[in-house]
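*Asks:* give me a model of this one.
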Amino acid sequence: MNKDFYAGHQAVFLDYLQKEKNLSPHTLRAYRSDLRLFFEFLSDQKIDVVDHAAITQFLAALYRYGLDRRSIARKLSTLKSFFKTLVKLHYTDDNPAALVRSPKTKKHLPGFLTFSQIDEGLAIDDPRDRAIVEVLYSCGLRASELVGLNQNDIDLNHQEVRIRGKGGKERIVPVGTAARQAVMYYLRNRSVASPALFVNHRGGRLSTRSLQRIVHKYLVRVARIAGTNPHILRHTFATHLLERGADLRAVQELLGHSSLSTVQIYTHLTTKRLKEIYRQAHPRAE
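*Replies:* Numbers count the residues shown, from 1 in each chain. Alright, predicted model coming up:
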């Protein structure tokens, strides 16, 4: 199929993702950026026909430019979704990316904080910041989920919070006592009237970028730079639950993952930790 045909249907694809898949603006920007890079490559190389060979050349160029396999796999995933959606919506019968194989990526084990690091990291005087970090760790939320919370999403009496996750899926997550108390104290001392649960100093809803700065500010005291983003608290939440004997499927529900295999990566972490404990404690381990 001609390059101009596909280039002209980018808006159809992005509109479908926004309305039917309810993807976040951040995710939509990533898809848009990947598609723009692909079509710019085709124009630069004067490639007019989009087929298996054109996509393979694009991936090879990304390798030459020094992109890592994970980034390349993500861009191929964007193309596969793009062509698959156009077929689904009956704009074409052709999917040139269907048989293109994704590069194998090394399985990345997410880091997590220890119990003592959590205790030290949560020694926060600011009521808002304390409530933010407590809720992230207590509920295992994504950054986007936390900044999207409204006051009426959290039921402090029943200690639970309603989360709107990826794809608009909702789930109910328990709120621990420490997080509940931190949120109550924050709200009692907050002077801004806003439906948002967490606001910035101007009274507007907290942004994801501001959340990242807040979490980094406190966790940098106890962890390396790579372990000071909001997502590390989500990883820590899952790992600590499994280390304390939580069921894998229960953790899957709490995290809002659609696939159990996504959660199983945490079992590698806990198994590694258990082996370390075993080697240190068992008299015949060595």
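
*Asks:* and the spatially most central residue of the chain, what is it in contact with?
*Replies:* The residue lying closest to the centre of the chain (CA atoms, centre = their mean) is residue 142, at 5.8 Å. Shown in contact with residue 142 (CB atoms under 8 Å, 6 or more residues apart in numbering): 165-166, 230-231, 234, 256. The C-beta positions use only the backbone N, C-alpha and C, and glycine is treated the same way.

*Asks:* nearest residue to residue 84 other than its sequence neighbours?
*Replies:* residue 95 (6.1 Å; CB to CB, 6 or more residues apart in numbering).

*Asks:* now name the helix or strand holding the one you found.
*Replies:* Secondary structure assignment for residue 95, by DSSP states H and E: no helix or strand.

*Asks:* use 59 as the first number from now on
*Replies:* Got it, first residue is 59 now, which makes that one residue 153.

*Asks:* from what I see, it and residue 145 are in contact.
*Replies:* Yes - with contact defined as CB atoms under 8 Å, residue 153 reaches residue 145; the gap is 5.3 Å.

*Asks:* show me where the stretch 159-308 of the chain dips below the pLDDT cut-off.
*Replies:* Low-confidence segments of the stretch 159-308 of the chain (pLDDT under 70): 162-168, 283-285.

*Asks:* which stretches of it form helices?
*Replies:* Here the stretch 159-308 of the chain has its helices, by DSSP state H, counting those that start in this stretch, at 173-179, 185-197, 201-205, 235-246, 266-277, 288-301, 306-313.

*Asks:* which strands and helices sit next to the first one?
*Replies:* Contacting helix 173-179 under the criterion 3 or more CB pairs under 8 Å, 6 or more residues apart in numbering; DSSP states H and E are the following elements: helix 288-301.

*Asks:* alpha carbons of the helix it packs on, as PDB, please.
*Replies:* Provided in PDB are the C-alpha atoms of helix 288-301 (Å, rounded to 0.1, in the frame of the first residue of the first chain):
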ATOM      1  CA  PRO A 288       7.000   7.100  41.800                       C
ATOM      2  CA  HIS A 289       6.900   3.700  40.000                       C
ATOM      3  CA  ILE A 290       9.500   2.300  42.400                       C
ATOM      4  CA  LEU A 291       6.800   2.500  45.100                       C
ATOM      5  CA  ARG A 292       4.500   0.500  43.000                       C
ATOM      6  CA  HIS A 293       7.200  -2.200  42.600                       C
ATOM      7  CA  THR A 294       7.800  -2.100  46.300                       C
ATOM      8  CA  PHE A 295       4.100  -2.500  47.100                       C
ATOM      9  CA  ALA A 296       3.900  -5.600  45.000                       C
ATOM     10  CA  THR A 297       7.200  -7.100  46.200                       C
ATOM     11  CA  HIS A 298       6.400  -6.600  49.900                       C
ATOM     12  CA  LEU A 299       3.000  -8.100  49.600                       C
ATOM     13  CA  LEU A 300       4.400 -11.200  47.900                       C
ATOM     14  CA  GLU A 301       7.200 -11.500  50.500                       C
END
